[in-house]
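A.B. asks: Would you be able to build a 3D model of this:
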Amino acid sequence: MTLNQLATRYIASTETVLREIQVMEASQNIEEKDVRRIVDHVKAYLEDAKYYKDKKRFEVSLASVAYCEGLLDALRMLGAVKFEWPEKAERKREE
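C.D. replies: Numbering: from 1, shown residues only. Presented below is the predicted three-dimensional model:
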């Protein structure tokens, strides 16, 4: 798989999560306003990933979208958001 294909795949996956993400109202670890601020950063990094992909700077695009995924996974581990990565959800439906 090329860097372009990988970046495209991760960008699409992150866009799906952002459409479906549920911010939990009360978390013991982090306030909702802080969760929303981090999600805004995720969206900004996603836009960076798209920008650099369009400029054919696939390494930077991939790094940007990987950062998005890391932030989203961290929020999920803290119990601050609820979502599933599309590939995992698809695999569950196939089982």
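A.B. asks: Residue 58 touches residue 5, doesn't it?
C.D. replies: No - the criterion here is C-beta atoms under 8 Å, and residue 58 misses it with residue 5 at 9.1 Å. C-beta: built from backbone N, CA, C; applies to glycine.
A.B. asks: how near is residue 19 to residue 25?
C.D. replies: 19 Å (C-beta to C-beta, to the nearest Å).
A.B. asks: hang on, I meant residue 82
C.D. replies: 11 Å.
A.B. asks: returning to that earlier point: when residue 58 and residue 5 are compared, which one has more neighbours?
C.D. replies: Neighbours per residue (other C-beta atoms under 10 Å) separate residue 58 from residue 5, with residue 58 holding more: 18 against 10.
A.B. asks: got the contact list for that one?
C.D. replies: By C-beta atoms under 8 Å, 6 or more residues apart in numbering, residue 58 lies in contact with 2-4, 6-7, 52.
A.B. asks: picking that back up, neighbour count for residue 82 and residue 25, which is higher?
C.D. replies: residue 82 (12 against 7).
A.B. asks: gap between residue 43 and residue 2?
C.D. replies: Going from residue 43 to residue 2 by C-beta to C-beta gives 25 Å.
A.B. asks: Looking at the two, which has the bigger crowd around it?
C.D. replies: residue 43 (14 against 8).
A.B. asks: Am I right that the more buried one is in contact with residue 18?
C.D. replies: Yes - the pair residue 43 and residue 18 qualifies as a contact (C-beta under 8 Å) at a distance of 6.6 Å.
A.B. asks: what packs against the helix or strand where residue 47 lies?
C.D. replies: Using DSSP states H and E, residue 47 sits within helix 32-54. If you count contacts as 3 or more C-beta pairs under 8 Å, 6 or more residues apart in numbering; DSSP states H and E, helix 32-54 packs onto helix 3-20, strand 22-23, helix 58-77.
A.B. asks: Let's have the ones you listed in CSV, adding distance to residue 34.
C.D. replies: Shown next, in CSV, are these (distance: least, C-beta to C-beta, whole Å):
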stretch, distance to residue 34
helix 3-20, 17
strand 22-23, 10
helix 58-77, 10
